[in-house]
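Colleague: Sequence and predicted model, in that order:
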Amino acid sequence: MSGSFTFVHTADLHLDSQFRGFELAGANRDRVPGKVLRRLRNCTFEAYERIVDLCIEQRADFLLLAGDIYDVADKSLRAQLKFRDGLVRLAEAGIQAFVVHGNHDHCAGWRADLEFPKTVHIFSDQAVEHRPVFRGGREIATVYGISYPGPAVAEDLAGRFERRPGASYAIALLHCNVGRMAGYENYAPCRLSDLLRKGFDYWALGHVHSQVWLNPSGPGVAYPGCPQGRHHREAGDKGCLLVKVTGENAAIQFVPTATVRWETVRISIEGVNSDQVLLEKLEERLLGLWQSLDEKSLVVRVQLIGRGALYKHLARAAYLDNLLGELRGRFSLTGESFIWIDSISNGTKGAVDKAELAATDTLLGDLLSMAQRARADQKLKQELLGALASLIEHPRAGRYLELPHGADFDDLLDRAEELAIDLLWDGE
Ligand SMILES: [Mn+2]
């Protein structure tokens, strides 16, 4: 093997995403403020800048970009110039870059006539090419890759990869769907077992927007996910992968890069006795979330849940809209970072007196009193778990179920009670 070296793996940058859906979703409410939209339209570039910074800080030998660098095939000039700027910064630091294009930025789209640094290789859409990486005159790795010729690739492109015998650390760079991953177009479909059989040291994949390790116990097969989320389905932390190779071993580390986070916050109205308290609770939770996320900009969906007296207020016409307006006003948009509340949804229900219901001589009463007893009565708990076991051990149903234990069991009782009340109680 070839000593130690470092590379960074990213994909699905979707540079210059326009957030049109987000803007339109706000059309019938307050308009999304210019400041928020501007930040959003910059955030894909900010994440890219951070990736370039990371490469330079870590003295990486090369950067791998596994497709969907741009959001659309007919990419903007701005996106291409910004992408080039980052590649120039890398070139100045002596860092090479390897690029394949995916379904969003396939090679049939428009491309500006720009000069990229010599340190950049963009793989062809015709055949799998391979390029050696040198450091100090010595070959440390070989990168193989192929780009998408058009938007929809039905062929298993991974099948075309062949590792040359005796070559250095071999990396395969590909935009593809491994194992029919749900929620993503089944482009360049392939199976993990086929990838592993090819004998590469690392499969640098793109296409899936969340971070996934496909082969934690063996050679790296990984999706880094998108470095910046762009809507609520891309919530949570987003980043790229920093890979340090020493001999046969690769230490793979996730590094956060997103500057804006998409989050959903569920807040219960249980025990919230006034509108004032609800407002304060919401404000406190959102501020707490923002602080816990290093004061990164936040786009938040609020879901109000639970049972409580405030349920009736929330059902009033325009109450939620007013609440949304008030909260938006409370988080000023003056600084660099922002908290933007995208929506508030109401899933709350009226308060019930469970003890009173449990005392009634009804099916619901029996069910609730049994659930209450099961919390304290170990024997009854074991009996109920025994009844569950026949489900869990069922050859077909069991595949989808897991046996609860400890606090999980009480949680299950809570949920069973709620469900029973919903189904069996009409409020009278
Ligand atoms: Mn993508």
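Modeller: Structure received. Residues are numbered from 1 along each chain as shown.
Colleague: I'd like the next helix or strand past the helix or strand of the chain with the lowest mean pLDDT.
Modeller: Scoring the helices and strands of the chain by mean pLDDT, DSSP states H and E places helix 20-25 at the bottom, with a mean of 75. Scanning forward in sequence from helix 20-25, with DSSP states H and E defining helices and strands, the next element found is helix 34-57.
Colleague: chain center to that next one, what's the gap?
Modeller: For helix 34-57, the separation from the chain centroid amounts to 17 Å (computed by Cα atoms, centre = their mean, to the nearest Å).
Colleague: Stretch 268-277 now?
Modeller: Averaged over its C-alpha atoms, stretch 268-277 has a centre that lies 32 Å from its chain's centre (Cα atoms, centre = their mean).
Colleague: contacting residues around that stretch?
Modeller: Stretch 268-277 is contacted from outside by 278, 281, 304-311, 313-314, 348, using Cβ atoms under 8 Å, 6 or more residues apart in numbering. In short, each C-beta sits where N, CA and C put it, glycine included.
Colleague: low-confidence ranges in the stretch 301-428 of the chain?
Modeller: 333, 402-407, 427-428 (pLDDT under 70).
Colleague: neighbours around the closest residue to Asn186 other than its chain neighbours, how many?
Modeller: Beyond its immediate neighbours in the sequence, the residue positioned closest to Asn186 (Cβ to Cβ, 6 or more residues apart in numbering) is Asn177, lying 5.0 Å away. Using other Cβ atoms under 10 Å, Asn177 has 22 neighbouring residues.
Colleague: Show the contacting residues for the residue lying closest to Glu185 once chain neighbours are set aside.
Modeller: Nearest residue to Glu185, sequence neighbours excluded (Cβ to Cβ, 6+ apart): Asn103, at 6.5 Å. Going by Cβ under 8 Å, 6+ apart, Asn103 touches 67-68, 148, 151-153, 175, 185, 187, 207.
Colleague: Return the members of those classed as buried.
Modeller: Among those, those scoring as buried are 67-68, 148, 153, 175, 187, 207 (criterion: 16 or more other Cβ atoms under 10 Å).
Colleague: Out of these, which are close to the ion?
Modeller: Contacts with the ion within the buried ones among the contacts of Asn103, as defined by Cβ under 5 Å from the ion: Asp68.
Colleague: ok, of the buried ones among the contacts of Asn103, which one's closest to the ion?
Modeller: Nearest to the ion among these: Asp68, at 3.5 Å, using Cβ to the ion.
Colleague: Mind telling me what element that closest one is part of?
Modeller: Assigned by DSSP H and E, Asp68 belongs to neither a helix nor a strand.
Colleague: In this structure it contacts His104, no?
Modeller: Yes. Counting by Cβ atoms under 8 Å, Asp68 does reach His104; the two are 4.4 Å apart.
Colleague: Overlap in contacts, these two.
Modeller: His14.
Colleague: related to what we said a few turns ago, could you work out the most separated pair of the buried ones among the contacts of Asn103?
Modeller: The two members of the buried ones among the contacts of Asn103 with the most space between them (Cβ to Cβ) are Asp68 and Val153, at 12.6 Å.
Colleague: Can you show me the helices along the stretch 201-350 of the chain?
Modeller: Secondary structure of the stretch 201-350 of the chain (DSSP state H, counting those that start in this stretch): helices located at 275-292, 311-314, 319-330.
Colleague: TSV for those helices, including distance to Met181 and mean neighbour count?
Modeller: As requested, the helices of the stretch 201-350 of the chain are arranged in TSV below (distance: least, Cβ to Cβ, whole Å; neighbours: other Cβ atoms under 10 Å):
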stretch	distance to Met181	mean neighbour count
helix 275-292	29	14
helix 311-314	38	15
helix 319-330	35	15
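Colleague: wait, which of those helices is closest to the ion?
Modeller: Proximity to the ion, assessed across these by Cβ to the ion, is greatest for helix 275-292 (26.8 Å).
Colleague: Just the CA trace of that closest one, in PDB.
Modeller: What follows is the C-alpha trace of helix 275-292 in PDB, where atoms were taken according to Å, rounded to 0.1, in the frame of the first residue of the first chain:
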ATOM      1  CA  ASP A 275     -52.000  31.500  25.900                       C
ATOM      2  CA  GLN A 276     -49.300  33.500  27.700                       C
ATOM      3  CA  VAL A 277     -47.600  30.300  28.900                       C
ATOM      4  CA  LEU A 278     -47.900  28.700  25.400                       C
ATOM      5  CA  LEU A 279     -46.200  31.700  23.800                       C
ATOM      6  CA  GLU A 280     -43.400  31.600  26.400                       C
ATOM      7  CA  LYS A 281     -43.000  27.900  26.000                       C
ATOM      8  CA  LEU A 282     -42.700  28.100  22.200                       C
ATOM      9  CA  GLU A 283     -40.300  31.000  22.400                       C
ATOM     10  CA  GLU A 284     -38.100  29.200  25.000                       C
ATOM     11  CA  ARG A 285     -38.000  26.000  23.000                       C
ATOM     12  CA  LEU A 286     -37.100  27.600  19.700                       C
ATOM     13  CA  LEU A 287     -34.500  29.800  21.300                       C
ATOM     14  CA  GLY A 288     -33.100  26.800  23.100                       C
ATOM     15  CA  LEU A 289     -32.900  24.800  19.900                       C
ATOM     16  CA  TRP A 290     -31.200  27.600  18.100                       C
ATOM     17  CA  GLN A 291     -28.600  27.900  20.900                       C
ATOM     18  CA  SER A 292     -28.000  24.200  21.000                       C
END
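Colleague: From the chain's centroid, how far away is it?
Modeller: Chain-centre distance of helix 275-292: 24 Å, with Cα atoms, centre = their mean.
Colleague: any idea of the mean pLDDT for it?
Modeller: For helix 275-292, mean pLDDT is 95.
Colleague: how much does that helix deviate in direction from helix 319-330?
Modeller: The directions of helix 275-292 and helix 319-330 differ by 50 degrees, with axes from the mean of the first three to the mean of the last three Cα atoms, to 10 degrees as the criterion.
Colleague: quick one: the closest residue to the ion within the stretch 251-400 of the chain and Pro219, what's the gap?
Modeller: With Cβ to the ion as the measure, Ala258 is the residue of the stretch 251-400 of the chain nearest to the ion, at 14.9 Å. With distances defined as Cβ to Cβ, to the nearest Å, the gap from Ala258 to Pro219 amounts to 28 Å.
Colleague: More neighbours: which of the two?
Modeller: Comparing Ala258 with Pro219 by other Cβ under 10 Å, the one with more neighbours is Ala258, at 25 against 16.
Colleague: Please consider this matter closed, and thank you.
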